[in-house]
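Engineer: build me a model from this:
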Amino acid sequence: MTLSDAAMLLAGITVVAWAMVDVFQSVIVPRAPTLRYRISMIVWRGMWKTWPLLARSLYPRDEAAREEFFATFAPFALIAMILTWVIVLIFGYGAMLWGLRRGLAPLPHSYWDTSYFAGTSLLTLGFGDIVARQGAARLVSLVAGATGFGIFSITTAYLFAIFGTFQRRESFIVSFAARAGAPPSAIGLFEAAAETGTQSRLDDVMRDAQEWVASLMESHLAYPVLAFFRSSHDDQSWVGTLGALLDVSLIADTILDDRGYGEARMCLRIGRHAVHDLADFFGTNRRTRAASGIARKDFEDACDRLAAAGYALRDRDTAWPVFARIRGEYAAYLDAMAHFFQIPPVAWLGGSWMPHAMA
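Structural biologist: Predicted structure coming up:
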C-alpha cells in the first residue's frame, strides 16, 4: 500500500466515523447533541439560512402561501438530512475502497468507480460488476452493506419517533387553544375559566402544561428539526403556546391575590428553564433585547380584564415592577425565537403587544 493509498483509507475512515457519530447522536442518543459541526446541523442550519429569503422572494405579498412554504421546510430538511448521511457514507466508503483498490476486481480506474461500488454495497444492490477479492476490501464492503441496512432501519424508527413526538406536541397545543383561544393568550385562558366556572380546573391544565414543557424541551433539543415543524392549525405555534403558558404562570405568581394556583407557579420555573435552553441551543440568545415586551398601559388593561372577570388582584404598583422584571427574563428570548423560526406575531398576554413584525 502506498502512502497516498493509506491517506485515502484514513480519510475514508474519518468521514465514515463523522457520519456515524452524527447518526448515533441524532437518532439513538435521546439528549441534546454536543458536537457543533455535525452533518445534520450543517444541513438544516444551511437550508434555513436561505429558506426565509426564498419564501419572501416567491410570495412577497401572500402571507398564507408563504406560511405554507415554511411548513414544507421541516419535512424537506428531514429528507435532505437522511440523504446527506447516505451520500457522505458512500463517499467515505469509496475513499476507503480506493485505498484498498488492489483487492477489487476488475481494478477500478478512478475514485468514482470505488464510490460506485461503495454505493451498491451500502444500498445492498450488489450488481456484481465490481467485486472484492481480498480480505480488507471484502471486510469494508461487508461493513458498508451492514451500515446501509442499519441506517435505513434506524432512520425508519427515527421518522416514527419524530412524527409521534410532533403529534403529542400538537395535541396539547390544540387542547390549550380550546381554553385560551387561537392564538392563545393568558388573559383569554383566565377569562374563559371565569366564564365557564372552571377556575378550579386551572391547576390540572397547568400540571399538564408542566409535562408538555418538559417534553418540548427534551424533544426539541434531542431532535432539533422538530422545532421547524409548523403547527397543524392556523394561528397556533409551539412558541406562542409556550409564551402564553409562561404568562399564565407569571400572572398567577405576581398579579392574582390568590395562593390557589400552585401548579401555575411551578410551571413558571420549568418554562423559563426551557426558554433559556432552547434559545441557547438555536443561538437566538444572541438576538435578545432586555425588555419585558409589554408597556405599563397594556399591563393595566390586562389587570382590568382580570378584575372584570372576577379575579382578586394584588396592588398593581407593587406587582408591576416584579412582573416586568421576570417577564423580561423570557419575553425577549421568545421574541428572538419567533424571529428565528419566522413565526407570525402572536399575543401571549392578551393584547397585540409583541414587538417584532414579520418582514
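Engineer: C-alpha from now on. contacts and neighbour counts both.
Structural biologist: Will do.
Engineer: Thr284 contacts Asp335, correct?
Structural biologist: No - because the distance of 9.2 Å does not satisfy Cα atoms under 8 Å, Thr284 is recorded as not touching Asp335.
Engineer: those two: which has the busier surroundings?
Structural biologist: Neighbour count, other Cα atoms under 10 Å: between Thr284 and Asp335, Asp335 has more, with 24 against 21.
Engineer: with Ile154 as the reference, measure out to that one.
Structural biologist: Asp335 sits 35 Å away from Ile154, going by Cα to Cα, to the nearest Å.
Engineer: quick one, grab the pLDDT at the residue located most distally from the centre of the chain.
Structural biologist: Taking Cα atoms, centre = their mean, the residue of the chain most remote from its mean C-alpha position is Pro106, at 47.2 Å. Per-residue pLDDT puts Pro106 at 90.
Engineer: just the pLDDT at the closest residue to it other than its chain neighbours, thanks.
Structural biologist: Among residues not flanking Pro106 along the chain, Ile130 sits closest, at 6.1 Å (Cα to Cα, 6 or more residues apart in numbering). Among the per-residue scores, Ile130 shows a pLDDT of 86.
Engineer: distance check, Ile130 against Trp44.
Structural biologist: Relative to Trp44, Ile130 is positioned 35 Å away (Cα to Cα).
Engineer: break down the stretch 1-150 of the chain into its helices, ranges please.
Structural biologist: Assigned by DSSP state H, counting those that start in this stretch, the stretch 1-150 of the chain shows helices spanning 3-23, 39-58, 63-71, 73-99, 111-122, 135-180.
Engineer: can you check the stretch 151-300 of the chain too?
Structural biologist: 186-196, 202-222, 238-254, 262-282, 296-308.
Engineer: elements contacting the shortest one?
Structural biologist: It refers to helix 186-196. Packed against helix 186-196 by the contact rule (3 or more Cα pairs under 8 Å, 6 or more residues apart in numbering; DSSP states H and E) you find helix 135-180, helix 238-254, helix 296-308.
Engineer: which positions in the shortest one come out as buried?
Structural biologist: Put plainly, it is helix 296-308. Using 16 or more other Cα atoms under 10 Å as the burial criterion, the residues of helix 296-308 that qualify are Asp298, Phe299, Ala302, Cys303, Arg305, Leu306.
Engineer: residues contacting Ala180?
Structural biologist: Ala186, Ile187, Gly188, Leu189, Phe190, Ala192 (Cα atoms under 8 Å, 6 or more residues apart in numbering).
Engineer: quick one: the fourth one and Gly181 touch, right?
Structural biologist: Yes - the pair Leu189 / Gly181 is scored as a contact, 7.4 Å apart, by Cα under 8 Å.
Engineer: could I get the phi/psi values of the residue farthest from the centre of the chain?
Structural biologist: Dihedral pair for Pro106: phi -70, psi 160, per degrees, to the nearest 10.
Engineer: pretty sure it sits against Arg133.
Structural biologist: No - no contact is recorded between Pro106 and Arg133 when judged using Cα under 8 Å, the distance being 9.4 Å.
Engineer: give me the nearest residue to Asp203, chain neighbours excluded.
Structural biologist: Counting by Cα to Cα, 6+ apart, the nearest residue to Asp203 once its immediate chain neighbours are dropped is Glu263, at 5.3 Å.
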